[in-house]
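Chemist: 3D, please:
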Amino acid sequence: MYHPARILLPFALGYFFSYLLRTVNAVIAPWLTHEMGLSKAELGALTSAYFFTFALAQLPLGILMDRLGPRRLNAALLLVAAAGCAVFGLASSSAGLMLGRALIGLGVSGCLMCAIKANTEWFPLHRLPALNSWILFAGLAGSIVATLPVAWLLSQLGFQGLFMLLVGVGVLAAFIQWRVVPEPAQARPQESLRDSMQAVGQLFRQRRFWSLAPLGALVMGLHMAMQGLWLAQWLRDVRQLPGATVDHLLFQLALVATCGALLWGQVASRLQKRGIAPLTLLCGVAALNGSALLLLAWNPDWPALLLIGSYSFTAMAGNLAYAVMTARFDPQLAGRANTALNLVNFVIAFLTQSGFGYALEALQPRMPLLQAYPALLTTMAALVILSVLLAWRGRRAHGVPPSPVSAPQQIHR
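Modeler: Modelled structure (predicted):
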């Protein structure tokens, strides 16, 4: 007899920690460039190290999660993230910063997927969009803390003090997850590693995966790269805003994104009761997300918060792809399907966050910075729109399986 909070809250804390670390570099970027002498390309590469190890972990993560369960796996990984915070905070060179950032990415690589896996183990399928949105809400609360609160803590504690505090948060999150989250009574499959890898290979060969994965990965992956670094740089380079104004805008942006994460999941659940599939909502909002990218490229004389806020708000609908992907596969493959989606997602985020800086530096001899940003943002918008068309074209070929209200486990109050 377990209360639902025993499942939701510990995983929400873990994802809060994950998202805080994902976006913190947008605020500490001036310190990294001034104190450590990093260029735009180096800053992009450093920040994207998180996404690189995160992406590498996704396939083994899916296999281990199905075998060990989300509680044990994620608690152990959170300790790796805490160690990464220690390395990052104590680093005195770019190599040390890169190692710390890579360990952080590895350590938080399971926070969202383990939460979604736990939800599929304990809650009915039709509740997943709303429940997953609460996890995302907690994560984006971490992105709020990663703005003005982190800027204040940085001024009070210094760089090392800030990251030693984050070490403590990571250890606490691991302890709570290990001690509080229950284990389901249903036994998990104990297939061989070879069988698991063959199942993953079969997953990547299925059209029902690839008709959806580009849409979810582009909307989510591009946004992670932009929110984690390049939206702040756009505000500094294109809008020519001072640092304090940028910090306040990032704080407001995180609030907008948090509202979006909660809203889209709730809307999807309500529409699904009326016979409107989450994929329909996802495609419609993703088209708006591509349009918002075009607005960033054109940079009309509108308030900066309206431009970046509309982009982040619509990007939060991309998380509906996890619920859509879960419904396309049986429960034993749901964890792997979502980690495979997450793999594509973070590959996009890594390539964008690292490549954006290199592309800006490569384009500068040919065009001014104010023309380089629109070129890159327009390319991103075109990719999002193409992925919408691909997902919409394949929607009828991949229906949702029956039993929308059944689940392996039920929560009892």
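Chemist: ok, and the closest non-adjacent residue to R72?
Modeler: Closest residue to R72 apart from its sequence neighbours, by C-beta to C-beta, 6 or more residues apart in numbering: W178 at 7.5 Å. Quick note: C-beta positions are derived from backbone N, CA and C, even for glycine.
Chemist: tell me the contacts of the one you found?
Modeler: R71, R72, A75 (C-beta atoms under 8 Å, 6 or more residues apart in numbering).
Chemist: ok, so of those, who is nearest T326?
Modeler: R71 (18.9 Å; C-beta to C-beta).
Chemist: Could I get the pLDDT score of the closest one?
Modeler: What the model reports for R71 is a pLDDT of 90.
Chemist: again, but for R396
Modeler: 63.
Chemist: do the same with G309
Modeler: Per-residue pLDDT puts G309 at 96.
Chemist: That one touches Q252, doesn't it?
Modeler: Yes - in this structure, G309 is within contact of Q252 by C-beta atoms under 8 Å, at 7.3 Å.
Chemist: Of these two, which one has the most company?
Modeler: More crowded of G309 and Q252, by other C-beta atoms under 10 Å: G309, with 20 against 17.
Chemist: residues contacting the more buried one?
Modeler: By C-beta under 8 Å, 6+ apart, the contact set of G309 is Q252, L253, V256.
Chemist: for the helix or strand hosting it, which positions count as buried?
Modeler: Here G309, judged by DSSP states H and E, is contained in helix 304-315. By 16 or more other C-beta atoms under 10 Å, the buried positions in helix 304-315 come out as A304, L307, I308, G309, S310, Y311, S312, F313, T314, A315.
Chemist: Next, the contact list for the second one, please.
Modeler: The neighbourhood of L307, defined by C-beta under 8 Å, 6+ apart, consists of A292, L295, L296, N299, P300.
Chemist: That one and D301, how far apart?
Modeler: As judged by C-beta to C-beta, to the nearest Å, L307 and D301 stand 10 Å apart.
Chemist: ok, now the fourth one?
Modeler: For G309, the distance to D301 (C-beta to C-beta) stands at 16 Å.
Chemist: average pLDDT across stretch 44-52?
Modeler: Here the average pLDDT along stretch 44-52 is 89.
Chemist: pLDDT of stretch 353-368, averaged?
Modeler: Mean pLDDT, computed over stretch 353-368, is 88.
Chemist: contacting residues around that stretch?
Modeler: 39-45, 47-48, 51-52, 224-225, 228-230, 369, 371-373, 375-376.
Chemist: at 6 Å what do you get?
Modeler: Identification of contacts with stretch 353-368 by C-beta atoms under 6 Å, 6 or more residues apart in numbering yields K40, A41, G44, A45, T47, S48, A225, L229, W230, A372, L376.
Chemist: Counting neighbours, which of the residues you listed comes out on top?
Modeler: Scoring the contacts of stretch 353-368 on neighbours with other C-beta under 10 Å, the highest-scoring entry is T47 at 30 neighbours.
Chemist: Does that one touch A232 like I think?
Modeler: No - assessed by C-beta atoms under 6 Å, T47 is found out of contact with A232, at 10.7 Å.
Chemist: returning to that earlier point: show only the entries of the contacts of L307 found in helices.
Modeler: A292, L295, L296 (DSSP state H).
Chemist: ok, R239 - contacts?
Modeler: Contacts for R239 (C-beta under 6 Å, 6+ apart) come out as A304.
Chemist: what about it, which SS state?
Modeler: Under DSSP: H, G, I helix; E, B strand; the rest coil, R239 falls in the coil class.
Chemist: What count of nearby residues applies to P149?
Modeler: Other residues near P149 number 13, with proximity taken as other C-beta under 10 Å.
Chemist: Can you give me the pLDDT of it?
Modeler: 94.
Chemist: all numbers from here: first residue = 44
Modeler: Will do, 44 is the new start, and the previous item becomes P192.
Chemist: Check the offset of the helix or strand encompassing it from the chain's centre.
Modeler: Taking DSSP H and E as the criterion, P192 maps to helix 191-223. Its chain's C-alpha centre and that of helix 191-223 lie 19 Å apart, by C-alpha atoms, centre = their mean, to the nearest Å.
Chemist: Equivalent analysis for stretch 281-293, please.
Modeler: Here stretch 281-293 is found 23 Å from its chain centre; the criterion is C-alpha atoms, centre = their mean.
Chemist: What's the mean pLDDT across that stretch?
Modeler: 92.
Chemist: just the helices in the stretch 44-193 of the chain please.
Modeler: 48-66, 68-78, 83-111, 113-133, 137-150, 154-165, 171-188, 191-223 (DSSP state H, counting those that start in this stretch).
Chemist: Out of these, flag the one nearest A377.
Modeler: Distance to A377, taken as C-beta to C-beta, is lowest for helix 154-165 among the helices of the stretch 44-193 of the chain, at 5.3 Å.
Chemist: quick one: buried residues of that closest one?
Modeler: For helix 154-165, by 16+ other C-beta under 10 Å, it's C154, L155, M156, C157, A158, I159, K160, A161, N162, T163, E164, W165.
Chemist: Would you format those as JSON lines with pLDDT and distance to F372 included?
Modeler: Output for the buried residues of helix 154-165, formatted as JSON lines (pLDDT from 0 to 100; distance: C-beta to C-beta, whole Å):
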{"residue": "C154", "pLDDT": "93", "distance to F372": "21"}
{"residue": "L155", "pLDDT": "87", "distance to F372": "17"}
{"residue": "M156", "pLDDT": "84", "distance to F372": "14"}
{"residue": "C157", "pLDDT": "91", "distance to F372": "17"}
{"residue": "A158", "pLDDT": "90", "distance to F372": "18"}
{"residue": "I159", "pLDDT": "84", "distance to F372": "13"}
{"residue": "K160", "pLDDT": "85", "distance to F372": "13"}
{"residue": "A161", "pLDDT": "85", "distance to F372": "17"}
{"residue": "N162", "pLDDT": "82", "distance to F372": "15"}
{"residue": "T163", "pLDDT": "78", "distance to F372": "10"}
{"residue": "E164", "pLDDT": "80", "distance to F372": "15"}
{"residue": "W165", "pLDDT": "77", "distance to F372": "18"}
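Chemist: Name the nearest of those residues relative to V188.
Modeler: Scanning the buried residues of helix 154-165 for proximity to V188, where the rule is C-beta to C-beta, the winner is C154, at 15.1 Å.
Chemist: Give me the neighbour count for the residue nearest to the closest one when sequence neighbours are not counted.
Modeler: Closest residue to C154 apart from its sequence neighbours, by C-beta to C-beta, 6+ apart: S61 at 3.9 Å. Using other C-beta under 10 Å, S61 has 30 other residues around it.
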